[in-house]
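Student: give me the fold of what follows.
(2 chains, ligands or ions: 3)
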Amino acid sequence: MGKLQYALFTGCTAKESTPEQMMSTMAVADKLGIELVELTEASCCGASHLQDYDDFLSLVLNARNIAYAEARGMTMVTICNTCQLNTAMTKHRLDNNEELKNKVNVKLKEVGLEYKGTSEIKHFLYAINDDFGLDKLKEKVVKPLSQFNIAPFYGCHNIRPSELQNESNGGENPYMPTSLDDLIIACGGTNVDYEEKNKCCGFHAELQAPKTAAALAGNATIGAIDANADWMVTPCPLCHLKLDTQQDHNLHAVGREGSMPILHMQQMIGLALGCTPTELGLEKHVANVDFI
Amino acid sequence: MSIKTKTIKFNVFRFNAETDYLPYYQNMEFEVTHEDVVLDILNKIKWDVDGSFSYRRSCRHGICGACAIKVNGRSTLACKERMFDMIDLFGEEITLDPLSKKRAVKDLIIDKKDFWDKHEAVKPYLISHIEEHPNMECAVSPSETEELLEADYCIQCGACHYACPVVEVNEDFFGPAAFVKAFRFEADVRDDAHHDRLEELSKQGQGVWDCVKCFECAEVCPKELNPIGKITGLHNMIFDEGIKNNPVAERHAVGFAHSIKKHGILDEGELVRYSEGNIGVMKHVPVALKMFKKGKIVLPWNMPKSDNLDEIKTLVKSSSKSKY
Ligand code: SF4
Ligand code: SF4
Ligand code: FES
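Tutor: Ligands and ions are numbered 1, 2, ... in the order given. Sure thing, here's the model as predicted:
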């Protein structure tokens, strides 16, 4: 197998509120010999909110981002569930509607670009599981996470709607997802089963409906705590923001106390591959991570 | 064609609100054929195991919406869902639950009052001031009918409503089914209650802005109506009508366009400030300070920008519905 190469769509949080996610992504890619070419031209995907205001603009901007991956002749890799959803949804809509695609391309032409539909779009989780392969990952593990019970938190936008994820993310079953569990096992950890692992963290209504958002995030954290998890791991920086930076508030909303380290998927892999906590930005968390 | 069979373990939710203090699961095991739908299993339980076992069904053709239950936690229509598909999804141990355990009345039958109250609250009917002696017909064109985006096919089964996590934690939230119904009339060119209905649909707590965008409703709808797509449609209409009931939510959506135009990527801090306003933003200061200490906040003068930002500016100008 030649070297894996992808066009990396970082999304906005990796550049701002979750810098540790960017650091750990690059550290893991480096260890695994995966080449990530950053799409420095990419704009925000609209985070599933822009389309509420202006659906067409959101399509045009996402199509532009994809066009840059196409121009490089690469599969696009995302590191945020919501970037994944919005980008893959745009691709799905444009690839299945010639008229809409033409309308979008009229706009892109103004800036000398074209959306063709030639690049696949997948989350980094699936690039590692399906393209790189978990058997190969296991061979590279130098510090197996064998002393840890790890609760996977999948995040909605990587698993639903399954119709879309079947095209991009390797056909995950949204009711019994396995990719993150498999990844935990490959890193030597013990995967924890709990009811909330495929549920919503509430992030997208954090400003609009703060009580709802806190209750959902609180329930998820309690689910992991009660299942004796040592930490939770997620492929989504938005879930991470909600579960990590607002943890006290979330737990308070469901009448509980506690503390739960929340790790990015890339940080978990990085630890198993022997990266240092500093390389993985673990000191940038708000909730405690003093298990390290 | 030969009949394929599998032996399956069932855990069946049993409860009688009149006599039982707590619900329990009855375990049983029997053969399932590749022709069985979930409703066939419910019938088998009633006819062969326990005649008092209770569930709703009527049409057996996915039309009446009565038979929705949960199979291994997934909302579904019992008369439409094939057992073998459920076995593919969940394996050979199948749990049958009511749509909502806390609303169970008898076994799989629930009290759907909250669902119907919300259904009624969105005025799910055409409100039209038709002249007593019209001198021309009130024609609706095929393209105008297409605007309903199949919302008319909703059978009020409640599968989406009881799969929605917001319905679980906020009893005021209308829920995806009510939004689908509302959209059906909002998108109808003959409807005159357009603005008033949107006023209700945009109120904080009950309206569309409280949706967390989890896509559970899209995943379960047996009619494949994509309820969250209708919710997006309602969001768009709220902007088009210029309704301002939930300034934080509305500015939050618009804020993305502003930020993208300025930086290409999102200015997270500015988005929160713009959405909440200068006073509202104060409540986020404690968390923001914690984040700042950890290097999680980029200050305005350090905001990174996308390469080729001029392209993005051009596109925001030319493709946006509001003119900058
Ligand atoms: S997408 Fe919105 S309406 Fe649909 S289930 Fe999730 S929260 Fe409820
Ligand atoms: S939208 Fe679909 S799932 Fe929801 S009530 Fe209507 S038919 Fe049932
Ligand atoms: S019995 Fe009518 S929809 Fe299933």
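
Student: please work out how many residues are found near A:N149.
Tutor: 16 (other C-beta atoms under 10 Å in any protein chain shown). C-beta: built from backbone N, CA, C; applies to glycine.

Student: name whatever forms a beta bridge with it.
Tutor: A:N149 has these beta-bridge partners by DSSP bridges: A:T190.

Student: list the contacts of B:I110.
Tutor: Each residue near B:I110 by C-beta atoms under 8 Å, 6 or more residues apart in numbering or on different chains is listed here: B:98-100, B:103-104, B:162.

Student: that one - nearest residue in space that isn't next to it in sequence?
Tutor: B:R103 (4.2 Å; C-beta to C-beta, 6 or more residues apart in numbering or on different chains).

Student: circling back to that earlier point, adding distance to ligand 1, secondary structure and neighbour count, write the contacts of B:I110 out as CSV.
Tutor: Below are the contacts of B:I110 laid out as CSV (distance: C-beta to the nearest ligand atom, whole Å; DSSP: H, G, I helix; E, B strand; the rest coil; neighbours: other C-beta atoms under 10 Å in any protein chain shown):
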residue, distance to ligand 1, secondary structure, neighbour count
B:P98, 18, coil, 25
B:L99, 13, coil, 22
B:S100, 14, coil, 20
B:R103, 17, helix, 16
B:A104, 21, strand, 21
B:Y162, 10, helix, 26
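
Student: next, give me the two most distant ones among these.
Tutor: With distances taken as C-beta to C-beta, the most widely separated pair in these is B:A104 and B:Y162, at 11.4 Å.

Student: residues contacting the closest residue to ligand 3 within the stretch 151-292 of chain A?
Tutor: Closest residue of the stretch 151-292 of chain A to ligand 3, C-beta to the nearest ligand atom: A:Y175 (20.6 Å). Under the criterion of C-beta under 8 Å, 6+ apart, the neighbours of A:Y175 are A:198, B:72-74, B:89-90.

Student: PyMOL command to pick out the buried ones of these?
Tutor: One line in PyMOL is enough to select the buried ones among the contacts of A:Y175; burial here means 16 or more other C-beta atoms under 10 Å in any protein chain shown:
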select buried, (chain A and resi 198) or (chain B and resi 72+74+89+90)
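
Student: can you narrow the contacts of A:Y175 to ones near ligand 3?
Tutor: Of the residues in the contacts of A:Y175, proximity to ligand 3 by C-beta under 6 Å from any ligand atom holds for none.

Student: just give the nearest non-adjacent residue to A:V37, would you?
Tutor: Nearest to A:V37 is A:A7, by C-beta to C-beta, 6+ apart, at 5.4 Å.

Student: which residues of the stretch 151-292 of chain A fall in helices?
Tutor: Taking DSSP state H, counting those that start in this stretch, the helices of the stretch 151-292 of chain A run over residues A:156-159, A:162-168, A:179-186, A:210-226, A:237-240, A:247-253, A:265-272.

Student: lowest average pLDDT across the ones you listed?
Tutor: Sorting the helices of the stretch 151-292 of chain A by mean pLDDT places helix A:162-168 lowest, at a mean of 85.

Student: okay, buried residues for that one please.
Tutor: A:162, A:164-165, A:167-168.

Student: any idea which of the residues you listed is closest to ligand 2?
Tutor: A:S162 (15.2 Å).

Student: the helix ranked longest in chain B close to chain A?
Tutor: Longest helix of chain B, by residue count under DSSP state H: helix B:247-263. Yes. Residues of helix B:247-263 contacting chain A under C-beta under 8 Å from any C-beta of the partner chain: B:248-250, B:252-254, B:256-257, B:259-260.

Student: what is the subsequent helix or strand relative to that helix?
Tutor: helix B:268-280 (DSSP states H and E).

Student: taking helix B:247-263 as reference, get the angle to that next one.
Tutor: Going by axes from the mean of the first three to the mean of the last three C-alpha atoms, to 10 degrees, helix B:268-280 is angled at 140 degrees with respect to helix B:247-263.

Student: starting at the chain centroid, how far to helix B:268-280?
Tutor: Mean C-alpha position of helix B:268-280 versus that of the full chain (C-alpha atoms, centre = their mean, to the nearest Å) differs by 28 Å.

Student: what is the burial count for residue 159?
Tutor: Because you didn't say which chain, this covers chain A. Counted with other C-beta under 10 Å, A:I159 comes out at 23.

Student: hmm, no, I was thinking of chain B.
Tutor: When neighbours are defined as other C-beta under 10 Å, B:A159 has 28 of them.

Student: and the pLDDT at it?
Tutor: Here the pLDDT value assigned to B:A159 is 98.

Student: now it: phi and psi?
Tutor: Per-residue torsions, B:A159: phi -60, psi -50 (degrees, to the nearest 10).

Student: who's in contact with it?
Tutor: B:68, B:75-77, B:99, B:220-222.

Student: OK, contacts around A:N158?
Tutor: Counting by C-beta under 8 Å, 6+ apart, A:N158 touches A:81, A:84-85, A:123, A:125, A:165, A:169, A:172, A:235-236.

Student: got a winner among the contacts of B:A159 for most neighbours?
Tutor: B:A68 (30 neighbours).

Student: what distance do you get for the nearest residue to that residue once chain neighbours are set aside to A:G258?
Tutor: Nearest non-adjacent residue to B:A68, counting by C-beta to C-beta, 6+ apart: B:C157, 4.1 Å away. For B:C157, the distance to A:G258 (C-beta to C-beta, to the nearest Å) stands at 38 Å.

Student: those two: who's more crowded?
Tutor: B:C157 (28 against 13).

Student: domain map for chain B?
Tutor: B:5-110, B:113-241, B:247-319 (automatic domain parsing).

Student: ranking the ones you listed by mean neighbour count, which comes first?
Tutor: domain B:113-241 (a mean of 19; mean count of other C-beta atoms under 10 Å in any protein chain shown).

Student: roughly how far is that domain from the heart of the chain?
Tutor: 10 Å.

Student: next one, pLDDT for A:L243 please.
Tutor: Looking at A:L243, its pLDDT stands at 97.

Student: what's near enough to touch the closest residue in space to it that isn't next to it in sequence?
Tutor: Closest residue to A:L243 apart from its sequence neighbours, by C-beta to C-beta, 6+ apart: A:I262 at 4.6 Å. Counting by C-beta under 8 Å, 6+ apart, A:I262 touches A:153, A:231-234, A:240, A:243-244, A:247, A:285, A:287.

Student: how about 6 Å then?
Tutor: A:232, A:240, A:243-244, A:287 (C-beta atoms under 6 Å, 6 or more residues apart in numbering or on different chains).

Student: just the ones in strands from those, please.
Tutor: Judged by DSSP state E, strands contain the following of the contacts of A:I262: A:M232.

Student: show the buried residues in the contacts of A:I262.
Tutor: A:232, A:240, A:243-244, A:287.

Student: what's the closest of these to A:V37?
Tutor: For the buried ones among the contacts of A:I262, the nearest to A:V37 is A:H240 (24.0 Å; C-beta to C-beta).

Student: which one is residue 140 nearest to, not counting chain neighbours?
Tutor: Looking at chain A here, since you left the chain open. Per C-beta to C-beta, 6+ apart, closest to A:K140 is A:L273, 5.8 Å.

Student: hmm, no, I was thinking of chain B.
Tutor: Nearest non-adjacent residue to B:V140 (C-beta to C-beta, 6+ apart): B:V189, at 6.1 Å.
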